[in-house]
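> Sequence and predicted structure are below.
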Amino acid sequence: MGETSPIIVWFRRDLRLGDHPALTAACVSGRPVIPVFIRDHLVDGLGIAPKWRLGEALAVFADSLAQVDSRLIFRSGDALEVLQSLVAETGAGAVYWSHGYLPDEKVRDDAVKSALSDAGLEAKRFGGHLLFEPWTVETKTGGFFKVYTPMWKSVKDREVANPKSPPSHVTAPQGWPVSDALSDWALAAGMDRGAAIVRAYGQIGEAAALARLDNFIASKVADYDTTRDVPAEDGTSRLSENLSLGEIGPRTCWHAGYRALQDGKPGAETFLKELVWREFAYHLAFHTPRILSDNWREEWQAFPWSTDEDAADVIAWKQGRTGIPFVDAAMREMYVTGKMHNRGRMIVASYLTKHLMVDWKIGMRWFEDCLTDWDPASNAMGWQWSAGSGPDATPYFRVFNPVTQLDKFDKTRAYVDAWIAEGKSNPSETAMSYFDAIPRSWGLSPEDAYPAPIVSPEDGRKRALEAYQNRDF
C-alpha cells in the first residue's frame, strides 16, 4: 500500500468534522479519505430513543460531509469484516478511528487493530471523545481516581489541546464504494409516534451543537452554578445530547468554558467541573468496567433491592404516575423531550432505588431506552451515585425527599405545571404532549385523576433506612 492509497475513517460516537483528531490526521496526509459508519452489534444493541437519535445524527452528518466534497458510507455487519471488505474494494492502506473506552468497544477495537495490522495495514486509534485519556490521569501514588474531587483538582490546571478546525475539503477517492441506504436501517422504528414529539426538542448535528454552546456561553454560563439546579429555568447548556454522539468535542466545550471563566463569568467553573464529571465516569468505566452492569461497591451485592420489573410500583414509576409531582414531572419531561433535567434525574433515581427499594439496574435500563442523550458511562455512574452503590456516591442515609426538593427548586410549581396535566382546567401544551408521546398500550388520558402517592416520602425513607441499617456495610 502506497502513500497515495485511501484512508478509511471509521466514525462511531464522533459525528463531527471539527476537533476530530482521526479525521484531521487523514486529511493532513493529503490522501483520499473514505468516511464510513458501521451498523454492528453495538449499534443494534442500542435502546429505542438512542437508536432513533443516532439515525437523526447520521443523516445530518452525511450532509455535513457532502458540504466538504465527501460522503458517508453506510455498511452493516461485523466491524472487522466490513472494514476488510472496504479495504479490498478500495485499496485503502490505513484505517483511522477514535478510541473507545467501554469493554465491548475495547474488545471489538483490539480485534480490528490486530487483524488489520497483521495484514500490513496502518490501523491507528486517536483521542477525541475525552479531554484526558484514562491511562494518563493518576493519583500521586499511582492508579486511577476513585473519588471525583481529587481528580478535578488533579486535572483542572492541566493543558488541554486546542481543537483543530474542520476541514474545508476532504479529498475523495477515485471511486466510492457502495453504501447502504440509511433509511433502510429503520433506526426510528421503535419510536413509533413518539418520534414526532421528541424531534421538536432536538438540536441535531455539529452546527446546532456549536450554536448551542455559543448561546450558553453568551447568556447562561455566568449564573450556571445556581440556575442549573432549577428545572423550570433554561439554565443549562443542554449539550448532553450532542456530546453523547460526538457532535461536539469536549475540548471545544472546555476551551469555551475556560475563556468564559477568564472573562469573569464565575459559573463557568461549574461548567468545567461538569465536563470533568463526565470524564470521571469514563475513566471509571475504563478502569472498573463492572460499574456499567453491577454494583461498583461489592459490599452492595447482597442488598435486598426488588428486581421485579413488572411490579405495580415500577410500572407507576415508568409511567410518571407515582403521585409524587416532582418524580412524575421529570419522567414526563423525558418522554416528551428525550431528556431530563439533572435535578430531576437525581430525584427519580433516588425515589426508585430508595423509596421504592428497586434495583438501580432497572432504572438504568429504562433510561437507556428512553433518553436521546443517553451516555453509557454517565448513565451507569449516575444511577449508582443515586443508589449509593457507586463511587463517590450519595451516602446510603441521604434519601432525597421529593416534596421538600420541589419546594426548594420549583417554588412556583412552574416545572410541575409544565409537565402534569391531570386535574388542571387548562393544562400546558407540554403536559398534553406526554399523552401523545407515550405508548398507546398504557391507555392513559389527561382526563384521568392524578394518583395518590404509591409510597409517601416519609414511609419510603423509613423503609429504606431500615434496610440500609440492617446491612453490614
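Yep, it's here.
> all strands of the protein, in order?
Assigned by DSSP state E, the chain shows strands spanning 7-11, 33-39, 73-76, 94-98, 122-126.
> In JSON lines, list those along with distance to Met151, mean pLDDT and mean neighbour count.
Just so you know, the C-beta spots here come from the backbone N, C-alpha and C atoms, and that holds for glycine as well. Listed next are the strands of the chain as JSON lines, based on distance: least, Cβ to Cβ, whole Å; pLDDT from 0 to 100; neighbours: other Cβ atoms under 10 Å:
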{"stretch": "strand 7-11", "distance to Met151": "29", "mean pLDDT": "98", "mean neighbour count": "25"}
{"stretch": "strand 33-39", "distance to Met151": "32", "mean pLDDT": "98", "mean neighbour count": "23"}
{"stretch": "strand 73-76", "distance to Met151": "38", "mean pLDDT": "98", "mean neighbour count": "18"}
{"stretch": "strand 94-98", "distance to Met151": "22", "mean pLDDT": "98", "mean neighbour count": "24"}
{"stretch": "strand 122-126", "distance to Met151": "23", "mean pLDDT": "98", "mean neighbour count": "17"}
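> could I get those as a markdown table with distance to Val170?
Formatted as a markdown table, those follow (distance: least, Cβ to Cβ, whole Å):
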| stretch | distance to Val170 |
| --- | --- |
| strand 7-11 | 9 |
| strand 33-39 | 5 |
| strand 73-76 | 13 |
| strand 94-98 | 13 |
| strand 122-126 | 16 |
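> Of all these, which one comes closest to Ala329?
With Cβ to Cβ, the closest approach to Ala329 among the strands of the chain belongs to strand 33-39: 35.6 Å.
> Going by residue numbers, what spans are helices in the stretch 201-350 of the chain?
Counting by DSSP state H, counting those that start in this stretch, the stretch 201-350 of the chain has helices at residues 206-219, 224-227, 240-244, 250-262, 267-287, 312-319, 325-337, 342-350.
> List just the one of the strands of the chain that sits closest to Asp110.
Closest of the strands of the chain to Asp110 is strand 122-126, at 9.8 Å (criterion: Cβ to Cβ).
> Just want the angle from the lowest-mean-pLDDT helix or strand in the chain to helix 325-337.
One helix or strand of the chain scores below all others by mean pLDDT, DSSP states H and E: helix 457-469, with a mean of 83. Computed by axes from the mean of the first three to the mean of the last three Cα atoms, to 10 degrees, the angle separating helix 457-469 from helix 325-337 equals 90 degrees.
> mind listing what's buried in helix 457-469?
Within helix 457-469, the residues scored as buried using 16 or more other Cβ atoms under 10 Å are Pro457, Gly460, Arg461, Arg463, Ala464, Tyr468.
> any idea how far Ala94 is from the fifth one?
Same thing as Ala464. The spacing between Ala464 and Ala94, counted by Cβ to Cβ, to the nearest Å, is 55 Å.
> so Phe280 sits right up against Ser378, yeah?
No - contact criterion Cβ atoms under 8 Å: Phe280 and Ser378 do not qualify, at 9.3 Å.
> the more surrounded of these two?
Phe280 (26 against 20; other Cβ atoms under 10 Å).
> The more buried one: what's it in contact with?
Contact analysis of Phe280 by Cβ atoms under 8 Å, 6 or more residues apart in numbering lists Phe145, Tyr148, Met151, Met381, Asp392.
> nearest to Asp14, of those?
The nearest member of the contacts of Phe280 to Asp14, counting by Cβ to Cβ, is Met381 at 20.9 Å.
> Ramachandran coordinates for the residue nearest the centre of the chain?
Most central in the chain under Cα atoms, centre = their mean is Asp375, positioned 2.4 Å from the mean C-alpha point. Phi and psi for Asp375, reported as degrees, to the nearest 10, are phi -130, psi 120.
> OK, contacts around it?
Listed by Cβ under 8 Å, 6+ apart, the contact set of Asp375 reads Ser240, Leu243, Ser244, Arg278, Ala281.
> Return the distance of the closest residue to Glu122 other than its chain neighbours relative to Gly443.
Spatially, and ignoring its direct neighbours in sequence, Glu122 is nearest to Ala94 (3.7 Å; Cβ to Cβ, 6 or more residues apart in numbering). As judged by Cβ to Cβ, Ala94 and Gly443 stand 55 Å apart.
> ok now do Leu292, which residues does it touch?
Leu102, Pro103, Ala285, Pro376, Ala377, Ala380.
> From those, which land in helices?
Pro103, Ala285, Pro376, Ala377, Ala380 (DSSP state H).
> ok, the first one touching Arg290?
No - in this structure, Pro103 is not within contact of Arg290 by Cβ under 8 Å, at 9.3 Å.
> so how far is Glu269 from Arg216?
In this structure residue 216 is Phe, not Arg. 14 Å.
> Over to Phe367?
Distance of Phe367 to Glu269, given as Cβ to Cβ: 28 Å.
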